[in-house]
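*Asks:* got a predicted structure here, sequence first:
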Amino acid sequence: MTLLAIDNLSIALPKGADRDLAVKDVSLTLDKGEILCIVGESGSGKSMAANALMGLLPEGVTPVGGTIMFEGRDLLKLSERDMLALRGHDISMIFQEPLSALNPLMRIGDQIAEVFEAHDILTPPERRKRALALLHEVGLPDPATTIRAYPFQLSGGQRQRVVIAMALALEPKILIADEPTTALDVTTQAQILDLIEDLRRNHGMAVLFITHDFGVVADIADRIIVMQSGEVVESGDADDVLLNPTTAYTRALLDAIPRLSLHDGVETDAAADPILRVRDLSMTFRTRTSGIFAKPRVVRAVQNATFDLHRGETVGIVGESGSGKSTLGRCLVRLLTPDEGVVEFGGQDISRIRGAKLRQHRRRIQMVFQDPYSSLNPRARIGTILTDGLIAYGSDRASARRRAEELLTLVGLDPSAMARFPHEFSGGQRQRVGIARALALDPEVIVADEAVSALDVSIQAQVLDLLADLKDRLNLSMIFITHDLRVAAQVCDRILVMKTGEIVESGPSAQVLGAPQTAYTQSLLDAIPGKAHEAALAAQKDARTQTRV
Amino acid sequence: MKEFWSRFSRNRGAVIGVVILAVVIACAIAAPILFPQSPWSMVQRPFLPPFEMEGLPLGTDAVGRDVLSGLLHGARVSLLVGLVSTAVALVIGIPIGALAGYYGGLVDDALMRFTEFFQTIPSFALAIVLLAIFQPTLAYVILAIAIVSWPPVARLVRGEVLSLRNREFVEAATLSGQGDLRIIARQVLPNALPPIIVLASLMVATAILLESALSFLGLGDPNVMSWGYMIGAARTVLRTAWWLSFIPGIAILLTVLALNLIGEGLNDALNPRLRVRTT
């Protein structure tokens, strides 16, 4: 039974945008109790379509054609008053970033009760009872306590559960989920996907699921719509689209998904001196809380980390967020000074050096950052960003600029980029600039902290290839920090698994990911989305080879 | 720049502000050309009301000085005091705020307690005390106003730097071996500029008011004609010749209003969140 029908919807962008229409002639139907996934890269217009449905388009963006029919009414023609009654009651939405979707100064219970209040139903005690029941239903531990908690006291996954509870409060017929798991860990992501699946089954809700991750799609979709620059390029049942894509674009997106492929790493000479030798490194954060007598909050971010990095090797550090992997990386490049332990770089302990000595050392180990938006100074031209470091180390301006041009060519950008500002580039191009900056000082070791996490899958693959290529050509050693085991499997020779500050498992990547020794590593592996799809693909391949035989 | 102006001019109040300010600046520049004679010299009988005599459109004051000449020469003093004292306040406030925000810890504590020391004393009272100690020359008036108005700059800059110093591009600059001062000057401060510009435009307005108030109390430089002095000198004859206080009062009102409108327009034009909405 068709619940919602979008017919030839077009949405115009304001003048001066990179294209005229955010969404062009999009048609789709959503049935009761089905999960429809809209997939596409960033900028493909997938979120715009959902926002139009909720009447939440940004200023200046207007629908110019088509209809959105829901229960016999065209949502595009409804007054704001009617939309208010509809939102939450019939259609509700969950967002990517659960922290910003919740009011930081309001208790969880009150926020859920507010949903009832807004629609003026139930008495206050009943609202509270329903809130408790909802928290129970979305699987929050100890709902009686959680109902009194503030958002900052909950983890990312728990917050997303609260947001889902709010969305479910009035038993909507349609749930729109806009990248609901993108900001979460793999393990948490798997749990949230299970939850959405359960809710769909128990309530017969229709779910419009927007994502860029084909792994997630393969796990939960009934039907799939693939969008590219505002247009639907492919649609159909999940199995059809995933196993027999008809357009080149879908095939390219599917091919770009990192797979958990195990390969033997580069054999390194264990007897040779490692370039980086880390022994018993510990880092503890103490935060002053208010009040003199309150105990300071102590977080043991890294405890007794011990490992070696050999020349030409890539060591991956994997783990959930909060496992201390980024802190470890920051201690290695000395953005942080570790509390205890030794970091030997080329035989010299660098964990305590400071001042001029530290500045001289810095050029030997550089970092590639996660966020291509905040890692480049928005007010500096690319040329300045690349030459600042060289000039600080005493190069003259002319030779620094020549070097910067070489670097841009090296990372696959045109040297004319020198005169432009970061905001003129896409995420992937910015990340290339970030890599060029890290290479500017001819480092021996690169620490890549979630360097591809913020990028679309197809761009992700390109940047990973670039890193691998540069590593070989420039004989670099690399520490690769990531939460994505598929990426780690692809690029790392050895892997360290971190959990709450400790390294719980380490070894060659094929061994750690192929035959994990700890339950924790196994749980990380199990949570990788899209495994069923991989199995299906393998089966398809087998079937083909058999028929050929 | 063109884009900035189109955003700025979308705020009609700000454009009006620019027009008023341009008129005031033109008056200040034209004053010695239109009125080469000293504004202190007597030209006619006292208490001549406005529009009564050709050549003296705003009449004369209690000792027969030309009010229009005083008004135009006063514009020079007001603008000079406003701009220079704001510049001095920025020179004191920006480094203190930047160092406190960037280094944190003890440095932050020390510098912020020092700033609070100035903030706990009512600024006007402090300015009066300073001028009572110094000689009342224009330079000291400017210095006194600067000393009482830098603390908000320091606090604002500290807040901005605090939120910028942990950004990844600042960390990247640290890793590329740039020194702390270089990072503050080249990476952090340029990004903290928009709110500082807005604050500065409003500080010019406050400084003009402060100077007028000081001159009104007789603490200004007795050798320069200023709007505050004109009001102060005319206060005893408020009932018989009200226009003598009213005319310079309007001049102060318009100038301060113009600067506030400009400040608001700058805020709209430089605010990145509003920018996202318009592009």
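*Replies:* Okay, I see it. Numbers count the residues shown, from 1 in each chain, chains lettered A, B, ... in the order given.

*Asks:* which parts of whatever helix or strand residue B:158 lives in are buried?
*Replies:* Assigned by DSSP states H and E, residue B:158 belongs to helix B:151-164. Of all the residues in helix B:151-164, those buried under the rule 16 or more other C-beta atoms under 10 Å in any protein chain shown are B:151-158, B:160-162, B:164. From N, CA and C alone the C-beta is placed, and that goes for glycine too.

*Asks:* which single one of the residues you listed is nearest to chain A?
*Replies:* Chain A lies nearest to residue B:164 out of the buried residues of helix B:151-164, by C-beta to the nearest C-beta, at 9.7 Å.

*Asks:* so which residues on chain B come close to chain A?
*Replies:* B:167-169, B:171-179, B:182, B:186-187, B:190-191, B:277-279 (C-beta under 8 Å from any C-beta of the partner chain).

*Asks:* if we go to 6 Å?
*Replies:* B:167-169, B:171-172, B:175-178, B:187, B:190-191, B:277 (C-beta under 6 Å from any C-beta of the partner chain).

*Asks:* can you give me every residue that contacts the residue of the stretch 151-279 of chain B at minimum distance from chain A?
*Replies:* The stretch 151-279 of chain B approaches chain A most closely through residue B:176 (2.8 Å), counting by C-beta to the nearest C-beta. Residues in contact with residue B:176 (C-beta atoms under 6 Å, 6 or more residues apart in numbering or on different chains) are residue A:389.

*Asks:* out of the buried residues of helix B:151-164, which is nearest to residue A:284?
*Replies:* Residue A:284 lies nearest to residue B:162 out of these, by C-beta to C-beta, at 22.9 Å.

*Asks:* now for the closest residue to the closest one other than its chain neighbours, how many residues are close by?
*Replies:* Using C-beta to C-beta, 6 or more residues apart in numbering or on different chains and skipping the chain neighbours, the partner closest in space to residue B:162 is residue B:101 (4.5 Å). By the criterion of other C-beta atoms under 10 Å in any protein chain shown, residue B:101 has 27 neighbours.

*Asks:* can you state the direction angle for the strand or helix carrying residue B:101 and helix B:151-164?
*Replies:* Under the criterion of DSSP H and E, residue B:101 resides in helix B:67-103. Note on geometry: by axes from the mean of the first three to the mean of the last three C-alpha atoms, to 10 degrees, helix B:67-103 and helix B:151-164 are set 40 degrees apart in direction.

*Asks:* now for helix B:67-103, which elements pack on it?
*Replies:* helix B:12-34, helix B:105-120, helix B:138-149, helix B:151-164, helix B:189-216, helix B:227-234 (3 or more C-beta pairs under 6 Å, 6 or more residues apart in numbering or on different chains; DSSP states H and E).

*Asks:* give the rounded mean pLDDT of the fifth one.
*Replies:* Throughout helix B:189-216, pLDDT has a mean value of 90.

*Asks:* tilt between that helix and helix B:151-164?
*Replies:* Relative orientation of helix B:189-216 versus helix B:151-164 (the same axes, to 10 degrees): 170 degrees.

*Asks:* looking at the stretch 201-350 of chain A, which residue is nearest chain B?
*Replies:* residue A:335 (5.5 Å).

*Asks:* I'd assumed that residue was in a strand, is it?
*Replies:* No: under DSSP: H, G, I helix; E, B strand; the rest coil, residue A:335 falls outside any strand and is assigned coil.

*Asks:* would you confirm that it contacts residue B:171?
*Replies:* Yes: contact status for residue A:335 versus residue B:171: in contact at 5.5 Å, counting by C-beta atoms under 6 Å.

*Asks:* looking at those two, which one has more neighbours?
*Replies:* Higher neighbour count among residue A:335 and residue B:171: residue B:171, with 21 against 17, using other C-beta under 10 Å.

*Asks:* these two touch, right, that one and residue A:333?
*Replies:* No: under the criterion of C-beta under 6 Å, residue B:171 is not in contact with residue A:333, lying 8.7 Å apart.

*Asks:* returning to what we had before: and the residue nearest to residue B:162, what does it touch?
*Replies:* Contacts of residue B:101 (C-beta under 6 Å, 6+ apart): B:158, B:161-162.

*Asks:* got any ranges where the chain has weak pLDDT?
*Replies:* Picked chain A for this. For chain A, residues meeting the criterion pLDDT under 70 lie at A:16-17, A:264-271, A:287-297, A:547-549.

*Asks:* hmm, no, I was thinking of chain B.
*Replies:* Ranges of chain B meeting pLDDT under 70: B:1, B:271-279.

*Asks:* now with 50?
*Replies:* B:275-279 (pLDDT under 50).

*Asks:* distance of the residue most central in space within it relative to residue B:17?
*Replies:* Geometric centre of chain B, nearest residue: residue B:204, 1.3 Å, by C-alpha atoms, centre = their mean. Here the criterion is C-beta to C-beta, to the nearest Å. By it, residue B:204 lies 12 Å from residue B:17.

*Asks:* so which residues on the stretch 51-200 of chain A come close to chain B?
*Replies:* Within the stretch 51-200 of chain A, the positions adjacent to chain B are residue A:59 by C-beta under 6 Å from any C-beta.

*Asks:* mind doing that once more with 10 Å?
*Replies:* Contact residues, the stretch 51-200 of chain A versus chain B (C-beta under 10 Å from any C-beta of the partner chain): A:58-60.

*Asks:* check contacts around residue 144.
*Replies:* Chain wasn't specified; assuming chain A. Residue A:144 sits next to A:109, A:132, A:135-136 when contact means C-beta atoms under 10 Å, 6 or more residues apart in numbering or on different chains.

*Asks:* try chain B instead
*Replies:* Residue B:144 neighbours (C-beta under 10 Å, 6+ apart): B:85, B:123, B:126-134, B:136, B:210-211, B:214, B:219.

*Asks:* how about residue A:3?
*Replies:* Listed by C-beta under 10 Å, 6+ apart, the contact partners of residue A:3 are A:29-34, A:69-71, A:90-91, A:173-174, A:205-206.
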